[in-house]
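S.K.: Predicted model and sequence below, questions to follow.
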Amino acid sequence: MGAYNEAFESSVSDRESFWLTAAAEIEWHKAPTVALDDTQAPIYRWFPDGRLNTCHNALDRHVAAGHGDRMALIWDSAMVGEVRRYTYAELLAEVSRFAGVLAARGVSAGDRVIIYMPMIPEAAIAMLACARIGAVHSVVFGGFAAPELATRIDDAEPVAIITASGGLEPGRTVEYLPMVARALELSETAPSTVIVKDRPQIAGSSDEHDGWLDWDTEIADAAPVEPVDVAATDPLYILYTSGTTGKPKGVVRDNGGHAVALAWSMTNIYDIAPGDVWWTASDVGWVVGHSYIVYGPLLAGATTIMYEGKPVGTPDAGAFWRVVSEHRAKALFTAPTAIRAIRKADPDAKLLAEYDVSSLKNLFAAGERLDPDTFEWASSVLGVPVVDHWWQTETGWAIAANLRGLEPMPIKAGSPTVPVPGYQVGIVDADGKPVDAGVEGNIVITLPLPPGTLAGLWRDEERYRSSYLKAFPGTYLTGDSGYIDADGYVFVLGRSDDVINVAGHRLSTGSIEAVVASHAAVAECAVIGIHDDLKGQRPSGYVVLKAGVEIEPDTLRDELVTMVRDEIGAVATFRDVTVVPALPKTRSGKILRKTMRQIVDHEEYTVPSTIEDVDVLSALAKQLG
């Protein structure tokens, strides 16, 4: 057997040996003797008798091994024109002192800490400092509005919030402190500590808010603290992802399985070794940023790049190539949206010719489907493997990938290649029965999931079971549809629920609908994700007005766009509003969103047998063309 087949077979038939061997690459305070605890199946725990500290594994052990002078973190800000570099020893010193700040304020193991920050080094420092003292961090993307932040505060019940004066976008600044203040007004939870990193480019500081603390003042005289060992099964972080009900789900990641899986993935999937320069062009507010800006590369002893900027407009479509060239990145991991944006602005890749990107060996894409056109363009202009791979917030690392470090395989456009060792991926029909190769169905994963995947949902085991484990017993429901071809390659076709994927960001249409429906003129509405050449999907709203209401369509649109921006955030990119006389529904009252998507995207569709009024659907199809 080849290296991949051998590894995959071992991960399934002898998982104890396979994962304990992988665990040996991590330093443990108490090494595990058991890989999997399945006594509470279908709830599983990895390395149940192990104890470790994730921050120690990301920083201390490399310094102790004599690699303190190796570059750990490069912060490249196209927004302020600054590059800041941290060696492993320097980053360890900063993290240890900020951990001391938190400890001095009473934060201890098991406490939750909300981190609401832009793409600055202090965001990573705060995450690692929480891990160092055993606190559970929950990073909230800085683009989320106050109500979304308040929801997460109430669910996590943090003892502290770490934030910054704001973030920088091309042509504008985003002030965070008013949003944090408003979120605290809206929430029922009152964290005892708020720490603010002031940025000179943005007005506002901790001084304007009674009792809020200044990052620089607090860290200046802070005493460094040593890492606290925790159980492998203890939570490292909570990361909220959209739920179809509109209430976000708090995905819980453990310490032990997370460290083992990410370290294994850096070597075997991404072909990254200690000292290699790795760049993930994402945000720490998303799972990609957690796994592959902060933890994965540092666990591997690599150099990680944190980029504050955009693929275009900071200053142009050559921004990514500049970063690769200047820092000699071996691999780039980004979303297909970014590649599409670069292609749109520079279709002939003229700006690429201005930079030496010979260091680049692989371009990895994830967060949404890598369409064949974008794949072909990137492959052509870069001349390196363009590697799609598929995973979710819940899994924390790749479900299917082309394992460049273990055994590179032929690439098929439109496919993330094969299941990663540990993931037994299958396709089933609506009754849970396996389908033949090439037949589309629900993508499921046979339990147990491998290490590094979600340990559950924060304080909501019932929702975890009902969301992921109930539909097809014995499996994890991915919520995606697709097929596996005769060669074993996985093809992911899209979401099978009402969560949409906008530029790699999963958003609930239910939460957007709730905002739209609150408008005084709106009787009912539907928000669906439609195809977008740049972002993959974008939300599109369809509104039925209340009887007798007269309002100009442009006025309604502008008001709804503002409402969604205020309640959900600019990340929703909501701008399409169409007034319709009625929405197509089943006899039970369910809006036919999938059929609406097919109409808008000009796909073939079948009129459902359960439809209440076929004339409504026909009229909508005629209106939408």
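M.R.: Sure thing, it's come through. Numbers count the residues shown, from 1 in each chain.

S.K.: how much space between the residue lying farthest from the centre of the chain and Leu583?
M.R.: Distance from the centre of the chain peaks at Gly548, with 43.5 Å (CA atoms, centre = their mean). Gly548 sits at a distance of 19 Å from Leu583 (criterion: CB to CB, to the nearest Å). In short, each C-beta sits where N, CA and C put it, glycine included.

S.K.: Counting neighbours, what do you get for the residue lying closest to Arg404 once chain neighbours are set aside?
M.R.: Closest residue in space to Arg404, ignoring its immediate chain neighbours: Asp271 at 4.3 Å, by CB to CB, 6 or more residues apart in numbering. A total of 17 residues lie near Asp271 under the criterion other CB atoms under 10 Å.

S.K.: residue boundaries of the helices in the stretch 101-250 of the chain?
M.R.: 121-133, 146-156, 177-186, 215-220 (DSSP state H, counting those that start in this stretch).

S.K.: Now do the second one: distance to the chain's middle.
M.R.: Centroid displacement of helix 146-156 relative to its chain, using CA atoms, centre = their mean, to the nearest Å, is 18 Å.

S.K.: And that helix, what's buried?
M.R.: Across helix 146-156, burial judged by 16 or more other CB atoms under 10 Å covers Ala146, Pro147, Glu148, Leu149, Ala150, Thr151, Arg152, Ile153, Asp155, Ala156.

S.K.: any idea how far the fifth one lies from Thr304?
M.R.: This means Ala150. In terms of CB to CB, Ala150 sits 31 Å off from Thr304.

S.K.: and if you look at the last one?
M.R.: Ala156 sits 26 Å away from Thr304, taking CB to CB as the criterion.

S.K.: Same check on the first one?
M.R.: As defined by CB to CB, Ala146 lies at a distance of 31 Å from Thr304.

S.K.: What residues does Asn362 make contact with?
M.R.: Tyr270, Asp271, Lys330, Ala331, Leu332, Val384, Pro385, Val387, Arg404 (CB atoms under 8 Å, 6 or more residues apart in numbering).

S.K.: So which of those residues are in strands?
M.R.: In this view, those that belong to strands under DSSP state E are Ala331, Leu332, Val387.

S.K.: quick one: which of those residues is most hemmed in?
M.R.: Ala331 (27 neighbours).

S.K.: just so I know, which of the helices of the stretch 101-250 of the chain lies nearest Ala521?
M.R.: In terms of CB to CB, the element of those nearest to Ala521 is helix 146-156, at 21.2 Å.

S.K.: and the closest one, what does it pack onto?
M.R.: strand 112-116, strand 136-139, helix 177-186, strand 235-241, strand 249-254 (3 or more CB pairs under 8 Å, 6 or more residues apart in numbering; DSSP states H and E).

S.K.: Pairing partners for the last one, with directions?
M.R.: Right, strand 249-254. With DSSP bridges as the test, strand 249-254 is paired with strand 235-241 (antiparallel), strand 456-457 (antiparallel).

S.K.: Most tightly packed of those strands?
M.R.: strand 235-241 (a mean of 24; mean count of other CB atoms under 10 Å).

S.K.: Pull the distance from that strand to the chain's centre.
M.R.: 11 Å.

S.K.: for stretch 274-290, same thing?
M.R.: 11 Å.

S.K.: Could you list the buried residues of that stretch?
M.R.: Buried residues in stretch 274-290 (16+ other CB under 10 Å): 276-290.

S.K.: Show me these that map onto helices.
M.R.: Val287, Val288, Gly289 (DSSP state H).

S.K.: The closest residue in space to the first one that isn't next to it in sequence: how many residues sit nearby?
M.R.: This means Val287. Using CB to CB, 6+ apart and skipping residues adjacent in sequence, the residue nearest Val287 is Thr393, 4.3 Å away. By other CB under 10 Å, the residues close to Thr393 number 19.

S.K.: quick one: secondary structure of Thr393?
M.R.: coil (DSSP: H, G, I helix; E, B strand; the rest coil).

S.K.: I'd say it and Val251 touch.
M.R.: Yes. Using CB atoms under 8 Å, Thr393 is in contact with Val251, at 5.6 Å.

S.K.: can you list residues touching both of these two?
M.R.: Leu239, Thr241, Val287.

S.K.: How about the contacts made by the last one?
M.R.: If I follow you right, that is Val287. Leu239, Thr241, Val251, Gln392, Thr393, Gly396.
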